[in-house]
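Trainee: please work out how this folds:
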Amino acid sequence: MHARSSFSGGCLKHAERPRIAADIAQLLSGSPGLTKEQVLAGLRPMGWTHLSAGEVYVVLYSEKTTFACTVDVPPLWSLRVAAAAPAAGIAADDSATGHALVARCVAPPLRAWQEEALAAWRAAGSVGVVEAVTGSGKTAVGVAAAAHMIASGGRVLILVPGLDLLQQWFAILHRQLPNALVGRLGDGFNDTLARHDLVVSTVHSARGADLLPDGRQGLLVADEVHRYGADCFAEALDPRFRERLGLTATYERDDDGLAQNLEPYFRPTAGSHPDGEVVFRCDYARGLADDILAPFRVGLLGVDLEPAELARYEQLDETARSTRRDLVNIHGVRAEPFGEFMQAVVALSDGDDDSVSMWCARKYLSAFSKRRSLLADSRRKLEALRIIAPAIASAKGSLVFTETMLSAQAAAAELRAQDVDCLDYTSDLKRHERKERLDWFRGGHLKALAAPRVLDEGVDVPEAEIGVIMAASRSRRQMIQRMGRIIRPKEHGGAASFIVMYARGTSEDPANGAHGAFLEMLTGNADEVAHFPTSVTADYLKEWHAG
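Mentor: From the prediction side, this is the model:
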C-alpha cells in the first residue's frame, strides 16, 4: 500500500483525480456493481483515507467514459467494458467526440423469431416496422440493431413516448451494451449524439432537435411506433437517420396517422412487402409455438345491470346512437374509423358559434362518456369481483383492468374488503408512487393492482397470473396490450387466466359483437374458453384458475 496525499479543507484537488480514478477502476474491475459508499470503503485500504463520499461521487461522474452507473437508488457503479479491456484493434480514436469509439459491440443472444425479424428488417434495407405481441421480447430486436450500428461507427436514437420507457430503455442498454456510451434526452437530461453512441429520448424532447452529427451513419428506433402517427410526434422522425426500425405490439391507429406520417418514413427501401412497412410479425400463435408466451385460458363472466342502471343505460345509449346518426348523416362527420369520428366530434364541440352541429357534438360526447362510466362503475361488476377474489388471492399476482380512475379505485377497495392486498395504479399518482407500487407488486407484497389505461402501454409490469377485464374497450390495440401483460412466460411454467366481464345486453356483450376481432384472437389461441353462468361460485372460479 502506498501513501496518498490528503485534501485541504475537504476540496478535491484536480491533479489527484486521475490517480483516484485509476484506483477506482482497479477496484471495480474485481467488484462491479458498487454504491459510492462501497467504492469509498474500498479506497480506504488503498491509502485514500481522507476522501469523502461526495468527492468519490465527483470522480465517478466526471469520468463518464470510464465508469457507468445503473438507474437504481442508490446507483450501482461498474467499469465500462471498453475501459476494462482495451484490446488492440477493438477501439479507435474518435476525434469528433473525444472518447474511444467501440468498434465491437455485441448484443445478447436472440430468440429464433428475433433473429428472423432482424434478418427481415435488414433485407428490407434496414427500414421497416416489426410487430410483436407484448411479452415476446421486441425490445431485444432494437438492442441488436443498435449494437450493429454502434459497431460500424454510427449513432443510434431510441424514441420513446414517455418517461417510464425512457428509464427502462436506459437501464436495459446500460446492462446489455456496457461498452457503449448511453445518454438520455428528457426528464432533465440533455445528452446528445455528439458525445454518446446512443441516446434514449422522449418524443417530446426529440421534436425539432438536431441530434445526428454531420457525416455520421444513424439508426432511429421508434418504440411504440404507432404513437408517432400524430402530426406533432411525427416531427421527431428525422429523415437524416437512414436506418429506421419501428417496434410495436399493434401497428394500427384509429386515424390516418399511419398513411400520412408513418408509412412514408418506415416504407422499406428494398424487397417486396405485402404488409407495407411491417416487415415481420410475431403473433400469439408464433409466441405460443416457440414457448415464449404462457398458455392461457379465458373465462367470460356476464352480469346483469340493476333495473335503474339498465334504464339509464338504455336512455344514454339511444341518445348516443341518434346523435351519432345526425353527426354522420346531417353534419357530415366521417363515421369510420372511430378515432377520426371522435376527433371530428371533439373539434365540433369546441366551437363557439352556438351552431346546431356544436350542440349535437356536445350531446353525443356527454351521452357517450356517461354510458361508458355507467358500464365501468356497475355495482354488479363489483359484486362479481368478490366472487373472483379467492382466485386472485391464490394467484402469484393479478391485474384488474378498468376503464376509469374511479372504477380502478373502487375495484381496489372491493378487493381489500375481501382481504386481498390490492392498490389502484392510476395517472394521478406521482412517478415515485407508481414505481413503489410496482415494486411492491413485484416483491409479492401486493396481490393485485387495479388500473385504467395507465398500465396498457409502456410500463414494465411484473409477472401476473390472472387478468380481469372489467370494462370493454373499442380499441383493439388496448385490449391486446392488456392481454400481453398476462401471458408473459411464468417462472414456474404455469398457465395464465383471463376473466372478461361484460354487462349483458349492452355494447359490452359479445353477443352484440363486442370485443370483435380481439375476442376471436383471444379465444382462438386459448387452451380453454369458459362461459360462466350467473350462478358461478367463488370456489368454482378458484378451481378453474388452478386448472
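Trainee: which SSE is K370 in?
Mentor: For K370, the host element (DSSP states H and E) is helix 356-376.
Trainee: so how far is that helix from its chain's centroid?
Mentor: For helix 356-376, the separation from the chain centroid amounts to 30 Å (computed by Cα atoms, centre = their mean, to the nearest Å).
Trainee: pull the helix or strand with minimum mean pLDDT from this structure.
Mentor: Ranking every helix and strand in the chain by mean pLDDT, DSSP states H and E puts strand 91-94 at the bottom, with a mean of 34.
Trainee: would R334 count as being in a helix?
Mentor: No - counting by DSSP: H, G, I helix; E, B strand; the rest coil, R334 is not part of a helix but coil.
Trainee: not counting its neighbours along the chain, what's nearest it?
Mentor: E340 (5.7 Å; Cβ to Cβ, 6 or more residues apart in numbering). C-beta here means a position set from N, CA and C on the backbone, and glycine is covered the same way.
Trainee: run a quick neighbour tally on the one you found.
Mentor: 17 (other Cβ atoms under 10 Å).
Trainee: I'd like the numbering to begin with 17 instead of 1 from here.
Mentor: Okay, residue one is now 17; in that scheme the one you just asked about reads as E356.
Trainee: who touches it in this structure?
Mentor: Counting by Cβ atoms under 8 Å, 6 or more residues apart in numbering, E356 makes contact with D270, D271, D272, R350.
Trainee: low pLDDT regions in the stretch 17-166 of the chain?
Mentor: The stretch 17-166 of the chain contains residues with pLDDT under 70 at 17-31, 46, 80, 86-90, 97-124.
Trainee: hey, where'd the strands end up in it?
Mentor: Using DSSP state E, counting those that start in this stretch, the strands of the stretch 17-166 of the chain run over 83-85, 93-95, 107-110, 115-118, 143-148.
Trainee: re the thing from before, quick check: buried residues in the helix holding K386?
Mentor: 373-374, 376-381, 383-384, 386-392 (16 or more other Cβ atoms under 10 Å).
Trainee: which other helices and strands contact that helix?
Mentor: helix 323-345, helix 354-365, helix 421-433 (3 or more Cβ pairs under 8 Å, 6 or more residues apart in numbering; DSSP states H and E).
Trainee: please save the CA atoms from the last one in PDB.
Mentor: Right, helix 421-433. Extracted in PDB, the C-alpha atoms of helix 421-433 (Å, rounded to 0.1, in the frame of the first residue of the first chain):
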ATOM      1  CA  MET A 421     -59.700   6.100 -12.400                       C
ATOM      2  CA  LEU A 422     -62.700   5.900 -10.100                       C
ATOM      3  CA  SER A 423     -63.600   2.400 -11.100                       C
ATOM      4  CA  ALA A 424     -59.900   1.300 -10.500                       C
ATOM      5  CA  GLN A 425     -60.100   2.800  -7.000                       C
ATOM      6  CA  ALA A 426     -63.400   1.100  -6.400                       C
ATOM      7  CA  ALA A 427     -62.100  -2.200  -7.600                       C
ATOM      8  CA  ALA A 428     -59.100  -2.000  -5.400                       C
ATOM      9  CA  ALA A 429     -61.200  -1.100  -2.400                       C
ATOM     10  CA  GLU A 430     -63.600  -4.000  -3.000                       C
ATOM     11  CA  LEU A 431     -60.700  -6.500  -3.200                       C
ATOM     12  CA  ARG A 432     -59.200  -5.100   0.000                       C
ATOM     13  CA  ALA A 433     -62.600  -5.600   1.600                       C
END
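Trainee: I'd like to know which elements it is packed against.
Mentor: In terms of contacts (3+ Cβ pairs under 8 Å, 6+ apart), helix 421-433 is packed against helix 372-392, helix 395-410, strand 414-417, strand 438-440, strand 464-467.
Trainee: need the residues that contact the third one.
Mentor: Pointing back at strand 414-417 there. Under Cβ under 8 Å, 6+ apart, the answer for strand 414-417 is 401, 408, 424, 427-428, 431, 438, 463-468, 471-472, 477, 480-487, 498, 501-502.
Trainee: could you check the pLDDT of the nearest residue to D393 once chain neighbours are set aside?
Mentor: For D393, ignoring the flanking residues on the chain, the nearest one in space by Cβ to Cβ, 6+ apart is S423 at 5.3 Å. The score at S423 is 88. That number is its pLDDT.
Trainee: what count of nearby residues applies to S423?
Mentor: Neighbour number of S423 under other Cβ under 10 Å is 24.
Trainee: quick one on the thing from earlier: relative to helix 421-433, how tilted is the helix holding K386?
Mentor: Angle, helix 372-392 to helix 421-433, by axes from the mean of the first three to the mean of the last three Cα atoms, to 10 degrees: 10 degrees.
Trainee: mind checking the pLDDT average for helix 372-392?
Mentor: Averaging pLDDT along helix 372-392 yields 92.
Trainee: could you give the angle of it to helix 395-410?
Mentor: 50 degrees.
Trainee: dump helix 372-392 to PDB, restricted to CA.
Mentor: C-alpha atoms of helix 372-392 as PDB (Å, rounded to 0.1, in the frame of the first residue of the first chain):
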ATOM      1  CA  VAL A 372     -76.600  23.000 -34.200                       C
ATOM      2  CA  SER A 373     -73.600  20.900 -35.100                       C
ATOM      3  CA  MET A 374     -71.800  22.100 -32.000                       C
ATOM      4  CA  TRP A 375     -74.600  21.200 -29.700                       C
ATOM      5  CA  CYS A 376     -75.200  17.900 -31.400                       C
ATOM      6  CA  ALA A 377     -71.500  17.000 -30.800                       C
ATOM      7  CA  ARG A 378     -71.600  18.000 -27.200                       C
ATOM      8  CA  LYS A 379     -74.800  16.000 -26.700                       C
ATOM      9  CA  TYR A 380     -73.100  12.900 -28.200                       C
ATOM     10  CA  LEU A 381     -69.900  13.300 -26.100                       C
ATOM     11  CA  SER A 382     -71.900  13.700 -22.900                       C
ATOM     12  CA  ALA A 383     -74.000  10.600 -23.600                       C
ATOM     13  CA  PHE A 384     -71.000   8.600 -24.700                       C
ATOM     14  CA  SER A 385     -69.000   9.400 -21.600                       C
ATOM     15  CA  LYS A 386     -71.900   8.800 -19.200                       C
ATOM     16  CA  ARG A 387     -72.700   5.500 -20.800                       C
ATOM     17  CA  ARG A 388     -69.100   4.400 -20.600                       C
ATOM     18  CA  SER A 389     -68.900   5.400 -16.900                       C
ATOM     19  CA  LEU A 390     -72.200   3.600 -16.100                       C
ATOM     20  CA  LEU A 391     -70.800   0.400 -17.500                       C
ATOM     21  CA  ALA A 392     -67.500   0.800 -15.800                       C
END
